[in-house]
Every structure is written in structure tokens, then in C-alpha cells.
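J.: kindly generate the corresponding structure for this input.
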Amino acid sequence: MARPKKHGLETDGPSRPISFRVSEREYADYAARCAAAGLSISDFFRRVVLTNKTQIVANLEQSSRPDLLRLLFLVNKSSNNINQLARRVNEDHLAGKLEEATYHQILVQLERIAAELKEAVAHAN
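T.: Here you go, the predicted model:
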């Protein structure tokens, strides 16, 4: 016979199960880490996850975000072009082919374009 449920009582201890499946190899690795830490499998999971000692990195499949990949490709190409323009402007400035004011105006515009490209990538994520 099942134990009667306690309605309306809050407990401080664990009461909700969480489960997930892993391969035999993953389980062996997980169990070894738990043993090395001197913790049960449940305690290890609680400490790692609930104390936020993990860093989750999004793993976007390339096929799932073709628009983002295209944006990154175009930003990379544009960045290369901006670098080439900046180098040429710097060479012309050092050779005396550009006035100081024109040189600074061009650099300001190139920096503005680069900042807008970075912002576009930041907002795409």
C-alpha cells in the first residue's frame, strides 16, 4: 500500500525527482566524478546545477541558423574590407596624400561602420 500524501505540508528536503538518460560511458564518467567528489549521484547533481557552477554553451547546429551564419560571413568579409581601407588610408596619410582632417573623418566613419557590424551580430544572437 502506498504511503498517504501529506497535503499542504512543505518540506525542506528533496521531494521532486529529476531524471535523464545517459549512455553507459557517460554514466561511468559521471559516477567516477561523483565518487571523486565524495558525493552521491543526487548530491553531486544538486551541487553542480543548483549552485550554478556550470557554464552552458549553446551549441547551434549550422543548419538551424543559416541566417546567422550568412550574417557572420558577411560581417567577416566587411571587416576585412574595413581593415584594407584603414591600412590604405593610413599609408596615404603617412605619405602626405591626405590632409589630417580628411584622415580623421575617414577613420571615424570606418570605426562607426565596424561598431554597427558588431551591434548587428550581437542582436542576431
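J.: so how far is residue 118 from residue 72?
T.: In this structure, residue 72 and residue 118 are 12 Å apart, going by C-beta to C-beta, to the nearest Å. Backbone N, C-alpha and C define where each C-beta goes, glycine included.
J.: check residue 15 too.
T.: As judged by C-beta to C-beta, residue 15 and residue 118 stand 47 Å apart.
J.: equivalent analysis for residue 86, please.
T.: As for residue 86, its distance to residue 118 is 15 Å (criterion: C-beta to C-beta).
J.: please say which of the two ends up with more neighbours.
T.: Shown here are residue 86 and residue 118; by other C-beta atoms under 10 Å, residue 86 has more neighbours (15 against 12).
J.: can you tell me, leaving aside adjacent residues, what's nearest to the more buried one?
T.: Nearest non-adjacent residue to residue 86, counting by C-beta to C-beta, 6 or more residues apart in numbering: residue 110, 5.4 Å away.
J.: go on, residue 47?
T.: Nearest non-adjacent residue to residue 47, counting by C-beta to C-beta, 6+ apart: residue 39, 6.7 Å away.
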